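Visitor: quick check, what structure comes out for this input:
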Amino acid sequence: MGKARIFVVEDEHTLVSFWKMIVEGRAEIIWADNLVDAEKICVKDQDFDFMVMDCCVPGRVPNSFTLVEKIRESGYTKPIIAKSASDKYAEELLEFGASHMAVNGQVHELILELLDEITN
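Guide: Sure thing, here's the model as predicted:
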């Protein structure tokens, strides 16, 4: 199997840089830092092994619920990690179709866990 492909919707550039570092050599991260770009990417390409979706992109107001719902309605069945500083927002994103949730400091662990699952 080649490198895994992970789609990340996240407005904190330093987090994305860290995630790219920890998956280097094992996965390619395709990244959008806003919902407009994220939706454009998802419309033309859903060949991702999993996705990481920040609940609030950009800012601190939850706004990615509709995008996750659209992704699921389009037939994407692979894992989507709901990521937030707030358990409440991440839990809400689960209701819209995310399959996993993690608060900010735990996301990298879940990325590595899912990567291990799909590459072993």
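Visitor: every contact and neighbour count from this point should use C-alpha atoms.
Guide: Will do.
Visitor: show me where this protein has its strands.
Guide: Assigned by DSSP state E, the strands in the chain fall at 4-9, 27-32, 50-54, 80-84, 100-103.
Visitor: quick one, what contacts the residue nearest the centre of the chain?
Guide: Nearest residue to the geometric centre of the chain (C-alpha atoms, centre = their mean): Val52, 1.0 Å. The contact partners of Val52, by C-alpha atoms under 8 Å, 6 or more residues apart in numbering, come to 6-10, 80-83.
Visitor: neighbour-wise, which of the residues you listed leads?
Guide: Counting neighbours by other C-alpha atoms under 10 Å, the top entry in the contacts of Val52 is Ala82, with 30 neighbours.
Visitor: leaving out sequence neighbours, find the closest residue to that one.
Guide: Met101 (4.5 Å; C-alpha to C-alpha, 6 or more residues apart in numbering).
Visitor: do I have it right that Ala82 meets Met53?
Guide: Yes. Using C-alpha atoms under 8 Å, Ala82 is in contact with Met53, at 5.2 Å.
Visitor: how many neighbours does Ala32 have?
Guide: Neighbour count for Ala32, taken as other C-alpha under 10 Å: 21.
Visitor: so it bridges to which residues?
Guide: Per DSSP bridges, residues listed as beta-bridge partners of Ala32: Val9.
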